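In: Sequence plus predicted model, see below.
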Amino acid sequence: MAATSPTEIVRAFIAHVNDGDLQGIASLLSDTIMFIDAPGRVHRGDKNFMAGYLSEFPDYRIHARTILQSGDSVAVIGGTTGSHVPPSIEANETLVWTAEVREGLIVEWRIYADETHN
């Protein structure tokens with residue numbers, strides 16, 4: 001069954017990220033996707049933005065602890081493993097991801113992190 005609610009779409013996106021499924025990731029992104037990383041760098045219109053990161057960090061996983069939705073906006077609170085952050089920091093770091101979903105596709109994906117660790 002295809003994901004329909006913004007929360008379901010975000011959950012499916014996270015599952016594709018965790019599986020390293022680049023086609024699955026791209027299938028949930030708008031052609032006008034705006035990805036904003038924790039330092040604030042903006043990547044626009046690149047549905048393959050995760051490909052480079054996942055090739056460099058193939059064990060990267062998002063561990064969602066809480067997912068909140070308000071309308072088309074979704075916030076994910078959790079952590080990661082296998083990222084560019086040293087495991088000793090990653091184990092204690094809380095991250096927030098936000099997504100804006102329109103017409104069944106993610107149009108914005110933003111990461112918030114304590115940049116003093118990165």
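Out: Received the coordinates, thanks.
In: wait, isn't Ile25 in contact with Tyr60?
Out: No. If you go by CB atoms under 8 Å, Ile25 and Tyr60 don't touch, sitting 11.8 Å apart. No exception for glycine: its C-beta is placed from N, CA and C like everyone else's.
In: So if I had to pick from these two, which one is more boxed in?
Out: Per other CB atoms under 10 Å, whichever of Ile25 and Tyr60 has more neighbours is Ile25, with 24 against 17.
In: same for the host helix or strand of that one, what does it pack against?
Out: Using DSSP states H and E, Ile25 sits within helix 22-27. If you count contacts as 3 or more CB pairs under 8 Å, 6 or more residues apart in numbering; DSSP states H and E, helix 22-27 packs onto helix 6-19, helix 49-56.
In: Please tabulate the ones you listed in CSV and include mean pLDDT, distance to Asp72 and mean neighbour count as additional columns.
Out: Below are the helices and strands packed on helix 22-27 laid out as CSV (pLDDT from 0 to 100; distance: least, CB to CB, whole Å; neighbours: other CB atoms under 10 Å):
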stretch, mean pLDDT, distance to Asp72, mean neighbour count
helix 6-19, 97, 5, 19
helix 49-56, 88, 21, 15
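In: Ser83: how many residues sit nearby?
Out: Neighbour count of Ser83, defined by other CB under 10 Å: 21.
In: re the thing from before, are there residues contacting both of Ile25 and Tyr60? Which ones?
Out: Here Ile25 and Tyr60 have Val17 as joint contacts, going by CB atoms under 8 Å, 6 or more residues apart in numbering.
In: For stretch 59-70, list every residue counted as buried.
Out: Across stretch 59-70, burial judged by 16 or more other CB atoms under 10 Å covers 60-62, 64, 67.
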